[in-house]
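Colleague: predicted model follows, preceded by the sequence.
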Amino acid sequence: MKTSFLCFLSLTSLFLIRPVSATATTNQTDYIRTSCGVTLYPEVCYTSLSGYANAVKQDPAQLARVAVAVSLSKARHFASYVSNLTRQADYGREPRAASALHDCFENFDDAVDQMGGSLKQMRRLNSGESFRFQMSNVQTWMSAALTNEDTCTDGFEDVPDGPMKTDVCDRVENARKFTSNALALVNSYVAKETTP
């Protein structure tokens, strides 16, 4: 009896507390959904960023930072995956696939560095340099990261079709979506801050 009363009390308190946080979260997730409208992949954007709604609140700078961080995480994960594939391919019978994987890894490694630099720059925006200059660096690096991701699949044009090629190209395309979205949110943030 005592246990059921405590359970009832816990459930009642959840219902009393939940609407307040749900309203705030709804407003914050609505902000993310609206902001993701400027991206090429709005559903991917919303799905990947809505879990950070409480951290983002309704701050375009924080949203752009989180988007870059999520993109960086995806790129790191993919670079690690390709690194493992590269080691396996070095012992395989298809030298073109091994070469393409090595090139892809180098491209993604560069993209990871560029996104890391972007995130670092965004975390210290108030360091005395002009906002436009700092954000111009971020835009350039994020754009270069996207180009490096695109370039990753170029080496696979001469590789025979197969499961490895399909898997790598699909994963590259997925990672590209996050980087494209992050760049769009960075550009949107810059536009909001620099438009009179």
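Modeller: Cool, got the structure.

Colleague: which residues sit in contact with Asp158?
Modeller: For Asp158, the contact set (C-beta atoms under 8 Å, 6 or more residues apart in numbering) comprises 96, 100. Where you see a C-beta, it was placed from the backbone N, CA and C, and this is true even at glycine.

Colleague: okay, it and Pro196: tell me how far apart.
Modeller: 51 Å (C-beta to C-beta, to the nearest Å).

Colleague: got the contact list for the residue nearest the centre of the chain?
Modeller: Central residue of the chain (C-alpha atoms, centre = their mean): Ser71, 2.1 Å from the mean position. Residues in contact with Ser71 (C-beta under 8 Å, 6+ apart) are 115, 142, 145, 175, 178-179, 181-182.

Colleague: secondary structure element for it?
Modeller: helix 60-89 (DSSP states H and E).

Colleague: got the buried residues for the helix or strand just after that helix?
Modeller: Where DSSP H and E defines the elements, the next helix or strand beyond helix 60-89 is helix 95-123. Neighbour counts over helix 95-123 (16 or more other C-beta atoms under 10 Å) mark 97-119, 121-122 as buried.

Colleague: show me where pLDDT drops low in this structure?
Modeller: 1-24, 126-129 (pLDDT under 70).

Colleague: surely Asp103 and Cys152 touch.
Modeller: Yes: using C-beta atoms under 8 Å, Asp103 makes contact with Cys152 at a distance of 7.3 Å.

Colleague: count residues in the vicinity of the closest residue to Arg171 other than its chain neighbours, would you?
Modeller: In this structure, Arg171 finds its nearest non-sequential neighbour in Phe78, 5.7 Å apart by C-beta to C-beta, 6 or more residues apart in numbering. A count of nearby residues for Phe78, using other C-beta atoms under 10 Å, gives 24.
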